[in-house]
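# following is a predicted model, sequence given first.
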Amino acid sequence: MAKPLSASKMVEILRAEGLTVHEVRNWRNHNRNSKGPWGPVNGVMIHHTVTSGTAASVDICYDGYSSLPGPLCHGVIDKKGHIHLVGNGRANHAGLGDSDVLRAVINETKLPPDNEADTDGNRHFYGFECINLGNGKDPWPEAQKEAIEKVAAAICRHHGWSERSVIGHKEWQPGKVDPRGFTMDGMRRRIAQRLGGKPQAPDPKPQPQPRPTYEPFPGSGFFHVGQNSPVITAMGRRLVAEGCSRYEEGPGPEWTEADRRSYQAWQQKLGFKGKDADGIPGKFSWDKLKVPNS
């Protein structure tokens, strides 16, 4: 989870990435915050406008329509690679999408199929509309694709996210096709390279890797009743060391309610509240715990 960028910080990090940024009208105070929450933010979502022409496209994204008021995104990326900022806060761009996809974005794991529309994406994603007709024929100039890469990398770098926190609208909401004209896997590889990390392979195959110092996050689904693993013992020992023990005995290798309550205490120690402190490990809190290899 992350606190949304302020307007000034957004401008600062985009320009630091080498982008040309245009501030449109009253964009710093233009949002839909009165209609719903904004944040915590978890990722960046890429769209295409289904329009042509910079001025008209920017105006539409700022003003919206009678049935869908603006802003329709946070920024518009034109074909020259310039960024036109049109909103700061909640924007009407993502709509309802798949909670499983959001969970994968938060945990930075492989995206599942988007087959549900049960979660408010306008709350959790920065949105960028790219000027393109979306018909598969309208070209995507390299300057525009490079700007998408830079925008996403700048935001990910600020929040400490990887390229897996960047998705297309078509990966979020069933029935959507945007962006059309390049693949999101390809764009994520570009973002990974810009961030200095290893790019995602389009069809990952097992590769020998040096054993890390700490246990990698095994995914939230790993922690369930009946799970038995030395990783759980190692986790429990770290929770005890952090003063978060809720164990009457142990810890041991089997996932129990005492493990959940101890991990909940760790989440609360990190500042998580409510549903974000449910005792089920997430990637951010797991990485902070530094569970030794077992």
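Done, it's in. None of the values given here were measured: they were computed from a predicted structure.

# can we go C-alpha only for contacts and neighbour counts from here?
Will do.

# how about the strands in the stretch 51-200 of the chain?
Listed in chain order, the strands found in the stretch 51-200 of the chain under DSSP state E, counting those that start in this stretch are 75-77, 83-85, 96-97, 119-120, 125-130, 166-168.

# okay, those strands in a markdown table with mean neighbour count, distance to residue 28 and mean pLDDT next?
Shown next, in a markdown table, are the strands of the stretch 51-200 of the chain (neighbours: other CA atoms under 10 Å; distance: least, CA to CA, whole Å; pLDDT from 0 to 100):
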| stretch | mean neighbour count | distance to residue 28 | mean pLDDT |
| --- | --- | --- | --- |
| strand 75-77 | 29 | 11 | 98 |
| strand 83-85 | 27 | 9 | 98 |
| strand 96-97 | 20 | 25 | 97 |
| strand 119-120 | 18 | 22 | 97 |
| strand 125-130 | 28 | 14 | 98 |
| strand 166-168 | 25 | 23 | 98 |
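
# can you give me the end-to-end span of stretch 154-167?
One end of stretch 154-167 to the other measures 15 Å (CA to CA, to the nearest Å).

# list the buried residues in the longest helix anywhere in the chain.
For the chain, the helix that runs over the most residues, judged by DSSP state H, is helix 142-159. Using 16 or more other CA atoms under 10 Å as the test for burial, helix 142-159 gives 144-156, 159.

# how does this protein divide into domains?
Domain assignment for the chain by automatic domain parsing gives 7-195, 220-289.

# span of the first one from start to end?
Right, domain 7-195. 22 Å.

# cool, the last one as well?
By CA to CA, the extent of domain 220-289 from end to end equals 15 Å.

# now it: how far from the chain's centre is it?
24 Å (CA atoms, centre = their mean, to the nearest Å).

# got a list of what the residue at minimal distance from the centre of the chain touches?
For the chain, the residue nearest the mean C-alpha position is residue 43 (2.0 Å; CA atoms, centre = their mean). Contacts here follow CA atoms under 8 Å, 6 or more residues apart in numbering; on that basis residue 43 touches 105, 106, 124, 125, 126, 156, 165, 166, 167.

# from the residues you listed, which is closest to residue 65?
residue 126 (19.8 Å; CA to CA).

# assign a three-state SS to the nearest residue in space to the closest one that is not next to it in sequence, would you?
Of all residues not flanking residue 126 in the chain, residue 44 sits nearest, at 4.8 Å (CA to CA, 6 or more residues apart in numbering). Assigned by DSSP: H, G, I helix; E, B strand; the rest coil, the conformation of residue 44 is strand.

# any stretches of the stretch 51-200 of the chain with poor pLDDT?
Filtered on pLDDT under 70, the stretch 51-200 of the chain yields the residue ranges 197-200.

# quick one: the helices in this protein?
7-16, 54-63, 99-107, 121-124, 142-159, 184-195, 230-241, 257-269, 283-289.

# what angle separates the first one from helix 142-159?
Between helix 7-16 and helix 142-159, the angle formed by their directions is 130 degrees, by axes from the mean of the first three to the mean of the last three CA atoms, to 10 degrees.

# same deal with the second one?
Angle, helix 54-63 to helix 142-159, by the same axes, to 10 degrees: 30 degrees.

# just the helices of the chain: most buried one?
helix 121-124 (a mean of 26; mean count of other CA atoms under 10 Å).
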